[in-house]
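> Give me the fold of what follows.
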Amino acid sequence: MTLPAISKHLKVLEKAKLIRRGKDKQWRPCALEAAPLKEASDWIGGYRQFWEESFERLDEYLREIQSQEKKKEGEEKDGK
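Prediction:
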């Protein structure tokens, strides 16, 4: 990764208030701002639970459909 690319990424993180940048002579130390990350993690966590539950319901539905299809195939073979 190039130095300009790193600088650009740091500017984006700073604008999002996820890091704090300082000045020390020619150095520009950065510090992580944990509170906004915790807030984002909590928000994402709520959606994670929603999607996990949705996928579980979808899995159950697909198993039910597959079971019905197998049952129909079995009935068709027995009827012929």
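> Now do the strands in this structure.
With DSSP state E applied, the chain shows strands at 19-21, 30-32, listed in chain order.
> Let's have those strands in TSV, adding mean pLDDT, mean neighbour count and distance to R48.
Every residue, glycine included, has its C-beta placed from N, CA and C. TSV is the format used below for the strands of the chain (pLDDT from 0 to 100; neighbours: other C-beta atoms under 10 Å; distance: least, C-beta to C-beta, whole Å):
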stretch	mean pLDDT	mean neighbour count	distance to R48
strand 19-21	91	14	24
strand 30-32	92	11	22
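> Among those, which comes closest to I6?
Shortest separation from I6 across the strands of the chain is recorded for strand 30-32, at 10.5 Å, computed as C-beta to C-beta.
> For the closest one, name the packing helices and strands.
Other elements packing on strand 30-32 under the criterion 3 or more C-beta pairs under 8 Å, 6 or more residues apart in numbering; DSSP states H and E are helix 3-15, strand 19-21.
> let's go with 7 Å and repeat that
For strand 30-32, the packing partners by 3 or more C-beta pairs under 7 Å, 6 or more residues apart in numbering; DSSP states H and E come out as strand 19-21.
> contacts for the strand it packs on?
Contacts of strand 19-21 with the rest of the structure, by C-beta atoms under 7 Å, 6 or more residues apart in numbering, involve L10, L13, E14, R28, C30, A31, L32, E33.
> Scan the chain for its longest helix.
The single longest helix within the chain, with elements called by DSSP state H, is helix 34-79.
> circling back: need the max-distance pair from the contacts of strand 19-21.
Using C-beta to C-beta, the two most remote members of the contacts of strand 19-21 are R28 and E33, lying 15.6 Å apart.
> more crowded one of the two?
A side-by-side neighbour count of R28 and E33, using other C-beta atoms under 10 Å, places E33 first with 15 against 11.
> how near is the more buried one to L18?
Using C-beta to C-beta, to the nearest Å, one obtains 6 Å as the distance from E33 to L18.
> low pLDDT regions in this protein?
Low-confidence segments of the chain, defined by pLDDT under 70, are located at 79-80.
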